[in-house]
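**Student:** pasting the structure only:
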């Protein structure tokens, strides 16, 4: 026969930061003496007794009050340790949010530089475009708006350990620098070309090199690595590798003339 679960409201009331007060905490006792407490704070029902549940880190104005002692189930010293961890986490979140805002400003400035006549190239890799586990996070940024491709919001890596030889689609374009060989490559970031873009070389159906003019400037993408990792050593040491980069950089810089 299943053991019953008993519950009882704690006599005193609790605060959740400065915005919520007089909260009721319910203590539950289950099979084997297992305990839990439940309370409602900021439209969330929480079932633990740690301070971070009292005020979510995404709400910096909310903070656990000193009188939150996990409904009396934790020693005050233990609760103080948890509160310190919560405060440290909140500070870290604030620092990360500031870094994110600073990054957005810098990317917006770079995008305006391009529109004003500058040249830009984005090169592939584990922390470029969307990147490994989508950690690069360039999708949806101001910089993404001046690129000739659309960046995914998910991990966009395509690993090809067997190697692939990309194919030129516009072999005479000046941005290719006269190069005729573009591999072998061992991987790339998968992106989607914008309708206005010039796709100059592809890996299968995906762009390897794409260019366009945006505002008074120029931008290109090279979706594989520019050095040994996805770029094989044999390709990186070849004359065509040097020709390609001279062509791409020269084309992008020529927009400022």
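**Tutor:** Arrived safely. Please read these numbers as outputs of a predicted model, since none were measured by experiment. Numbers count the residues shown, from 1 in each chain.
**Student:** what's the distance between the closest residue to residue 153 other than its chain neighbours and residue 150?
**Tutor:** Excluding the flanking residues, the one nearest residue 153 by Cβ to Cβ, 6 or more residues apart in numbering is residue 139, at 4.8 Å. For every residue, glycine as well, the C-beta is placed using N, CA and C. Distance of residue 139 to residue 150, given as Cβ to Cβ, to the nearest Å: 8 Å.
**Student:** give me the more crowded residue out of those two.
**Tutor:** Neighbour count, other Cβ atoms under 10 Å: between residue 139 and residue 150, residue 139 has more, with 18 against 12.
**Student:** now the helices for this protein?
**Tutor:** Counting by DSSP state H, the chain has helices at residues 51-54, 76-115, 233-236, 239-253.
**Student:** what would those look like in CSV with distance to residue 203, mean pLDDT and mean neighbour count?
**Tutor:** Listed next are the helices of the chain as CSV, based on distance: least, Cβ to Cβ, whole Å; pLDDT from 0 to 100; neighbours: other Cβ atoms under 10 Å:
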stretch, distance to residue 203, mean pLDDT, mean neighbour count
helix 51-54, 45, 39, 22
helix 76-115, 25, 77, 13
helix 233-236, 13, 91, 14
helix 239-253, 14, 95, 17
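**Student:** can you put those in CSV and add distance to residue 132?
**Tutor:** Below are those laid out as CSV (distance: least, Cβ to Cβ, whole Å):
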stretch, distance to residue 132
helix 51-54, 28
helix 76-115, 18
helix 233-236, 21
helix 239-253, 24
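**Student:** show me how far stretch 231-250 is from its chain's centre.
**Tutor:** Averaging C-alpha positions (Cα atoms, centre = their mean, to the nearest Å) puts stretch 231-250 30 Å from its chain's average.
**Student:** and the closest residue to residue 204 other than its chain neighbours, what pLDDT?
**Tutor:** Of all residues not flanking residue 204 in the chain, residue 164 sits nearest, at 7.4 Å (Cβ to Cβ, 6+ apart). Looking at residue 164, its pLDDT is 92.
**Student:** tally of neighbours for residue 164?
**Tutor:** For residue 164, the neighbour count with other Cβ under 10 Å is 19.
**Student:** in this structure it contacts residue 202, no?
**Tutor:** No. Taking contacts as Cβ atoms under 8 Å, residue 164 lies outside contact range of residue 202: 10.2 Å.
**Student:** buried stuff in stretch 131-138?
**Tutor:** Going by neighbour count (16 or more other Cβ atoms under 10 Å), the buried part of stretch 131-138 is 131, 134, 136, 137, 138.
**Student:** got the end-to-end distance for that stretch?
**Tutor:** Across stretch 131-138, the straight-line distance between its terminal residues is 9 Å, by Cα to Cα, to the nearest Å.
**Student:** point out where this structure drops to low pLDDT.
**Tutor:** Along the chain, the parts satisfying pLDDT under 70 run over 1-3, 14-21, 34-80, 82, 255-257.
**Student:** burial measure for residue 228, as a count.
**Tutor:** Residue 228 has 12 neighbours, counted by other Cβ under 10 Å.
**Student:** do the one 4 residues further on as well
**Tutor:** For residue 232, the number of neighbouring residues by other Cβ under 10 Å comes to 17.
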